[in-house]
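**Q** Okay, here's the prediction I keep looking at, along with the sequence it came from:
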Amino acid sequence: MPFCSSCGNSVNATDQFCAKCGARQPGTPAQPVDPLSGITPRTASILCYIPGIGWIASVIVLASHKFRNNRSVRFHAFQGLYLFVAWLIVEWVFTPIFREIPHMFRIDKLLHALILILWIFMIVKTSHEETYSLPIIGELAERSAAEH
């Protein structure tokens, strides 16, 4: 067991400061802990499809060092992002248009339901570790995942 370099109190090898006098202890600083170290590729892929907030997981996965070379996880992250962009387009473009037209079938509600069903479908497919490429969005995600 090492001792404090200032007062001689016993300290742990991982302590950066002495508990008695507060002096900084010499040694190598601890390596930073990777917050994604306990997340499996399957879990990371599933998190990218959580409706409404999966885009946050997608951005974190794409920025992480752990999944940088995992093409499958990157594909799911991009596909989850593109599904969220599709939802935003419906929300910001179609909803205001159809809200102004009285007594008309609301196509925007149908599109919202379709995107929600796609999110749930992709969660199920990903939980079974199946890579399913959605039309148009999947092709964009494959291209984006291939770029490195």
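**A** Everything's here; your move.
**Q** now for the least confident helix or strand in the chain by mean pLDDT, which elements pack on it?
**A** Within the chain, no helix or strand scores below helix 95-100, which has a mean of 88 by mean pLDDT, DSSP states H and E. Applying 3 or more Cβ pairs under 8 Å, 6 or more residues apart in numbering; DSSP states H and E, we find helix 95-100 packed against helix 107-127. Every C-beta, even on glycine, is put in place using the N, C-alpha and C of the backbone.
**Q** Could you name the helices and strands sitting against the helix it packs on?
**A** Against helix 107-127 (3+ Cβ pairs under 8 Å, 6+ apart) you get helix 41-47, helix 71-89, helix 95-100.
**Q** OK, contacts around the spatially most central residue of the chain?
**A** Nearest to the geometric centre of the chain sits Ala57, at 1.8 Å (Cα atoms, centre = their mean). By Cβ atoms under 8 Å, 6 or more residues apart in numbering, the contact set of Ala57 is 44, 47-48, 50, 77, 80.
**Q** Let's see that with 10 Å instead.
**A** 39, 43-50, 76-77, 80-81 (Cβ atoms under 10 Å, 6 or more residues apart in numbering).
**Q** before we move on, what about Lys20?
**A** Taking Cβ under 10 Å, 6+ apart as the test, what Lys20 contacts is 4, 6-11.
**Q** Can you say which of the residues you listed are buried?
**A** 4, 11 (16 or more other Cβ atoms under 10 Å).
**Q** Domain parsing of the chain, as residue ranges.
**A** 1-31, 41-146 (automatic domain parsing).
**Q** Least confident of those domains, on average?
**A** Among the domains of the chain, domain 1-31 carries the lowest mean pLDDT, a mean of 81.
**Q** on that earlier part again, now the contacts of Ala57 in TSV, please, with extra columns for distance to Pro102 and neighbour count.
**A** Formatted as TSV, those follow (distance: Cβ to Cβ, whole Å; neighbours: other Cβ atoms under 10 Å):
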residue	distance to Pro102	neighbour count
Ile39	48	20
Thr43	46	14
Ala44	45	24
Ser45	43	30
Ile46	41	22
Leu47	40	21
Cys48	38	30
Tyr49	35	25
Ile50	35	16
His76	41	31
Ala77	41	30
Gly80	35	30
Leu81	35	22
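**Q** hang on, the earlier thing: tell me the SS of the residue nearest to the centre of the chain?
**A** Taken by DSSP: H, G, I helix; E, B strand; the rest coil, the conformation at Ala57 corresponds to helix.
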